[in-house]
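Undergrad: The amino acid sequence is not available; the structure is as follows:
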């Protein structure tokens, strides 16, 4: 179930957001590695990762907004 949730959220991200989440969090690469792979500066990698994580949080809230946990 957790894997399906992650896949659903990842599918709704923009390609650059998906890439940054995949490289940093799923493949556990460093900011420097991602920077070298993508040609983005380390600062840009961090900013894009921050924004992608925020977008995923928003998607999470949206997905569970209708469900009652009480």
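TA: Ah, there it is. Small disclaimer: the values here were computed from a predicted structure and weren't measured.

Undergrad: For the chain, which segments are assigned as helices?
TA: For the chain, the helices defined by DSSP state H occupy 2-11, 15-21, 31-38, 42-64.

Undergrad: Mind putting those into JSON lines with mean neighbour count?
TA: Yep, even glycine has a C-beta here, placed from its N, CA and C like the rest. Below are these laid out as JSON lines (neighbours: other CB atoms under 10 Å):
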{"stretch": "helix 2-11", "mean neighbour count": "11"}
{"stretch": "helix 15-21", "mean neighbour count": "17"}
{"stretch": "helix 31-38", "mean neighbour count": "15"}
{"stretch": "helix 42-64", "mean neighbour count": "14"}
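
Undergrad: any idea which helix or strand of this structure has the worst average confidence?
TA: Across the helices and strands of the chain, mean confidence by mean pLDDT, DSSP states H and E is lowest for helix 2-11: a mean of 89.

Undergrad: What angle do helix 42-64 and that one make with each other?
TA: Following axes from the mean of the first three to the mean of the last three CA atoms, to 10 degrees, one obtains 120 degrees for the angle between helix 2-11 and helix 42-64.

Undergrad: just checking, what packs against helix 2-11?
TA: Applying 3 or more CB pairs under 8 Å, 6 or more residues apart in numbering; DSSP states H and E, we find helix 2-11 packed against helix 42-64.

Undergrad: which residues of the chain score low on pLDDT?
TA: For the chain, residues meeting the criterion pLDDT under 70 lie at 66-70.
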